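> here are the coordinates; sequence isn't available:
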């Protein structure tokens, strides 16, 4: 009954929603996460992702392959999905992409369309990581899988045809949260130098789970109930407690300095809008270049649910522009360093 009331309030005009996004309210069922329902949710999500990947068709200009790489010490191997442009001069910039799913579901294939577009448009090599899922594998397992994939990209840069000075990371929702945590982890371990990060409506704050909030903030697709379930599964404990690692919940980080240029996009009626906007503000205060896009009338994962909407296309274009600029700037710096070294 609660879902019906919330959706009626949206359709009744008490909360602004982009008109092009409104069909999604009837096209996509509301999903309530629970341990009992998780197996079925994963099954449906996997089937949808594989069907969308197949229906989207292949791209003659992009080769896709799956490989297994060594996982974190004592952990299983990790599947990564590699997207490579054909007939492109190498070395190329690289992007590690991390899929969403509330930390509890999802597979790399769900990002096929987006990643193929990025690879074709920019001419980069992308790697999407099939990290272990919570609650069976709570933090730090999923994050360490992502770190293993990122380190593999750097270690295998020559074989892959990658320019290791131009490797970016990114993800959406839980994948955006993992990307933000990965950025902090890479900064502090000082092994890998990331040039850019793309965070789409990222899950950043485990404390955004307890307040009832106004109705609009619990209405669309990623509710506070689901947010609580995702965080509890990922942390392996009740969210919002003291002592949660900043690598798990990046808004917990005291120091955000030294992070790469960051792109953040979120809809203004997304449950996560407040934490994402605050994170961008804190990055700027810390001296980190940050680009923030807040899309009016857009809910969680709007660009995935209604990719043909104008606001979704605007978001996609902004992501492409952000990556192009980052890769171009770092290429110029590399050429300048190479020229100085030659002298």
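Received the coordinates, thanks. Computed from a prediction, not measured in an experiment: that's the story for all the values here.
> contacts and neighbour counts: CA atoms only from here.
Will do.
> just the element for residue 311, please.
Per DSSP states H and E, residue 311 falls inside helix 310-342.
> brain fart, residue 65
strand 62-69.
> list the neighbouring strands of that strand plus their orientation.
Sheet partners assigned to strand 62-69 using DSSP bridges are listed as strand 78-85 (antiparallel).
> now the element after the partner strand, going C-ward?
The first helix or strand that comes after strand 78-85 along the chain, using DSSP H and E, is strand 92-98.
> same for that following strand, what does it pack against?
On a contact count with 3 or more C-alpha pairs under 8 Å, 6 or more residues apart in numbering; DSSP states H and E, strand 92-98 meets strand 125-130, helix 141-155, strand 162-172, helix 174-189.
> just those: most buried one?
Each of the helices and strands packed on strand 92-98 was scored by mean neighbour count; the highest is strand 125-130, a mean of 26, by mean count of other C-alpha atoms under 10 Å.
> packing partners of that strand?
Strand 125-130 packs on strand 78-85, strand 92-98, helix 141-155, going by 3+ C-alpha pairs under 8 Å, 6+ apart.
> dump the ones you listed to TSV, plus mean pLDDT and distance to residue 276.
Output for the helices and strands packed on strand 125-130, formatted as TSV (pLDDT from 0 to 100; distance: least, C-alpha to C-alpha, whole Å):
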stretch	mean pLDDT	distance to residue 276
strand 78-85	98	27
strand 92-98	98	17
helix 141-155	98	19
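> looking at these, spot the one closest to residue 129.
Closest approach to residue 129 among the helices and strands packed on strand 125-130 (C-alpha to C-alpha): strand 78-85, 4.6 Å.
> and the angle for that closest one with strand 92-98?
140 degrees (axes from the mean of the first three to the mean of the last three C-alpha atoms, to 10 degrees).
> shaky segments in the chain?
Across the chain, the ranges flagged by pLDDT under 70 are 1-15, 56-59, 210-219, 331-343.
> which residues touch stretch 238-257?
Residues outside stretch 238-257 that contact it (C-alpha atoms under 8 Å, 6 or more residues apart in numbering) are 139-140, 143, 177-178, 180-182, 184-185, 203-209, 228, 231-232, 235, 275, 279, 282-283, 286-288.
> residues of it that come out buried?
239-240, 244, 246-252, 256 (16 or more other C-alpha atoms under 10 Å).
> just the buried subset of the contacts of stretch 238-257, written out for ChimeraX, thanks.
The ChimeraX selection below is limited to those of those classed as buried (16+ other C-alpha under 10 Å):
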select :139,143,177,178,180,181,182,184,185,203,204,205,206,207,208,209,228,231,232,235,275,279,282,283,288
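> could I get the full set of helices for the stretch 201-343 of the chain?
Using DSSP state H, counting those that start in this stretch, the helices assigned to the stretch 201-343 of the chain run over residues 224-235, 273-285, 302-305, 310-342.
> now tabulate those in a markdown table and tack on distance to residue 173.
Below are the helices of the stretch 201-343 of the chain laid out as a markdown table (distance: least, C-alpha to C-alpha, whole Å):
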| stretch | distance to residue 173 |
| --- | --- |
| helix 224-235 | 10 |
| helix 273-285 | 11 |
| helix 302-305 | 11 |
| helix 310-342 | 14 |
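> which of those sits most buried?
helix 224-235 (a mean of 23).
> so which of the helices and strands packed on strand 125-130 gets nearest residue 190?
Going by C-alpha to C-alpha, the one of the helices and strands packed on strand 125-130 nearest residue 190 is helix 141-155, 11.5 Å.
> what sits up against the helix or strand that that closest one is followed by?
Following helix 141-155 in sequence order, the next helix or strand is helix 157-160 (DSSP H and E). Identification of contacts with helix 157-160 by C-alpha under 8 Å, 6+ apart yields 91, 153, 163-164.
> rerun at 6 Å
Taking C-alpha atoms under 6 Å, 6 or more residues apart in numbering as the criterion, no residue outside helix 157-160 touches it.
> going forward, the N-terminal residue is numbered 9.
All set: I'll call the first residue 9, so the last point we hit is now helix 165-168.
> report the buried residues of it.
Result for helix 165-168 [16+ other C-alpha under 10 Å]: buried residues 165, 168.
> cool, and stretch 93-105?
Buried, per 16+ other C-alpha under 10 Å, within stretch 93-105: 93, 99-105.
> which ones are touching the most centrally placed residue in the chain?
Geometric centre of the chain, nearest residue: residue 179, 1.6 Å, by C-alpha atoms, centre = their mean. Shown in contact with residue 179 (C-alpha under 6 Å, 6+ apart): 105-107, 207.
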